[in-house]
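Novice: Task: produce atomic coordinates for the following.
(one chain, ligands or ions: 1)
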Amino acid sequence: MTIGALKEPAGERRVAILPEHFSLIKKLDCELLVEQGAGENSYSSDKDYTDAGAKISSREEVIANADILVCINLPEEKEFPSLKDKVLVGTFHPVYHKEIFEKIASSGVSVFSLDMLPRSTRAQSMDVLSSQANIAGYKSIIVAAGIYPKYFPMLMTAAGSIAPAKVLILGAGVAGLQAIATARRLGGVVEVFDTRPAVKEEVQSLGARFVEVEGAADDSKAGGYAVEQTEDFKQRQKERITVAVKKADIVVTTAQIFGKKAPTLITKEMVESMKSGSVIIDIASSTGGNTELTKDNETVVYNGVTIVGNSNLPSTMPYDSSKLYGKNMIHFLELMWNKERQFNLNFEDDLIKSSCITYKGSIYNERIK
Ligand code: NAD
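Specialist: So this is what the prediction gives:
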């Protein structure tokens, strides 16, 4: 079998497989074909890939000769017919782009999307949402610190004292928890909101204050994800967040509801109450954003407050994000080989089943159907 690694579209600096992953691909008895220039934005040259044992080819040749194509973003629509009978693995967020999967299904390609894997213990080693959200959480604080015109830590110097930065994190999932840890390492004082009371202990163990709003909707059947809240809860949460936002110097928003628009948690009026020079980093921007004023992939300054809308912070740390992504990818590909070391898509396996989006010319995934 041949695995083909595709170059990502402009604006995406990550790559699905780095040269260092080649030894793991060899264990699957596979050849690796890499599109020319695929790793250049992740600091991996074509020579690095060939030194590791891969072969470099044009995009057309990679698509024509590979059995399994690995990537992060979906190839362009005009390429779908050339993907016929291939297996395509990436992170395509199909719950937000259902229409395009009707088209790709009809071209006869079997698509697997890693973001559809369940958040179970067995799937942890291939959980791209976690590996990339961890980076996003870390980088959100680094970006905020770069924009914020003051110190993060408390300082007492002969020239006077500096108060620590007040950091507010909305959503304590994987990204939020890493943002808390990073803000704490820099010396910030951190407050956190989440609708899932289960995260309270984790938040506190990182040295942050968890602000509890009573009466959150039951999320026990949502596979670990948050669910939509009642109007009453939203109102009470809004009142508490209004107070917290006014005090905050830096706000990182990460709140998402799987398959739905992100909840609006920070209104224009709340931004108007913030001190000039404050910073908001909205990493939920691609699904609508948690701030009313967020513009996806843009930085806006409103009333002296800088609002960064960026859901692709992992792309700004392309080496480490590709390193972790590639490992996740290979762990997933390993599921496609049986004990006899033969390629075999086993749909009895819940990880294969839940991540398969299209198969044999139609949509396979029940949630996408
Ligand atoms: P996510 O990106 O879907 O959402 C980020 C956070 O926002 C979540 O903590 C969510 O509860 C919170 N949120 C949603 N609406 C909110 C609102 N209105 N106000 C405040 N907060 C709100 O989350 P994620 O990081 O992808 O994690 C999803 C779940 O998966 C979590 O339960 C996490 O612990 C779990 N998880 C499990 C495993 C595993 O067991 N293998 C691995 C990773 C994550």
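Novice: do you know how far the spatially closest residue to Ala64 that is not a sequence neighbour is from Ala10?
Specialist: Ranked by Cβ to Cβ, 6 or more residues apart in numbering and with sequence neighbours excluded, the top spatial neighbour of Ala64 is Ser82, at 7.2 Å. All C-beta spots, glycine's among them, are computed from the backbone N, C-alpha and C. Per Cβ to Cβ, to the nearest Å, Ser82 is found 20 Å from Ala10.
Novice: ok, those two, which is more surrounded?
Specialist: Between Ser82 and Ala10, counting by other Cβ atoms under 10 Å, Ser82 is the more crowded of the two (14 against 7).
Novice: Does the more buried one touch Ile63 like I think?
Specialist: Yes - assessed by Cβ atoms under 8 Å, Ser82 is found in contact with Ile63 at 5.2 Å.
Novice: Not counting residues beside it along the chain, what's closest to the residue in the stretch 101-250 of the chain that the ligand sits nearest to?
Specialist: At 2.3 Å from the ligand, Gly173 is the closest residue in the stretch 101-250 of the chain, using Cβ to the nearest ligand atom. Counting by Cβ to Cβ, 6+ apart, Gly173 lies nearest to Thr254, which is 6.1 Å off, once chain neighbours are set aside.
Novice: Got the phi and psi for the one you found?
Specialist: When quoted as degrees, to the nearest 10, the phi and psi of Thr254 stand at phi -130, psi 10.
Novice: okay, and for the stretch 201-350 of the chain, where does confidence drop off?
Specialist: With pLDDT under 70 as the threshold, the stretch 201-350 of the chain has no low-confidence stretch at all.
Novice: Around the ligand, which positions in it sit nearby?
Specialist: Taking Cβ under 6 Å from any ligand atom as the criterion, the stretch 201-350 of the chain approaches the ligand at residues Gly224, Tyr225, Ala226, Gln229, Thr254, Ala255, Gln256, Ile257, Phe258, Pro263, Leu265.
Novice: which of those residues sit farthest apart?
Specialist: Using Cβ to Cβ, these reach their maximum pairwise distance at Gly224 and Leu265, which is 20.0 Å.
Novice: Comparing those two, which residue is more hemmed in?
Specialist: Leu265 (23 against 13).
Novice: Not counting sequence-adjacent ones, nearest residue to that one?
Specialist: Leaving aside its sequence neighbours, Leu265 sits nearest to Asn290 (Cβ to Cβ, 6+ apart; 4.6 Å).
Novice: repeat for Lys84
Specialist: In space, and not counting its chain neighbours, Lys84 is closest to Gly108: 4.4 Å by Cβ to Cβ, 6+ apart.
Novice: thought Ser315 was touching Asn297?
Specialist: No - taking contacts as Cβ under 8 Å, Ser315 lies outside contact range of Asn297: 10.8 Å.
Novice: More neighbours: which of the two?
Specialist: Using other Cβ under 10 Å, the more surrounded residue of Ser315 and Asn297 is Ser315, with 22 against 12.
Novice: so that one, which of the three states?
Specialist: In the three-state summary, Ser315 is assigned as helix, counting by DSSP: H, G, I helix; E, B strand; the rest coil.
Novice: Check Leu32 too.
Specialist: At Leu32 the chain is in strand, as set by three-state DSSP.
Novice: Just give me the neighbour total for it.
Specialist: By the criterion of other Cβ under 10 Å, Leu32 has 23 neighbours.
Novice: For Val89, see how far away the residue lying closest to it once chain neighbours are set aside is.
Specialist: For Leu32, the nearest residue in space outside its immediate sequence neighbours is Ala54; the separation is 4.0 Å by Cβ to Cβ, 6+ apart. Here Ala54 is placed at a distance of 17 Å from Val89 (Cβ to Cβ).
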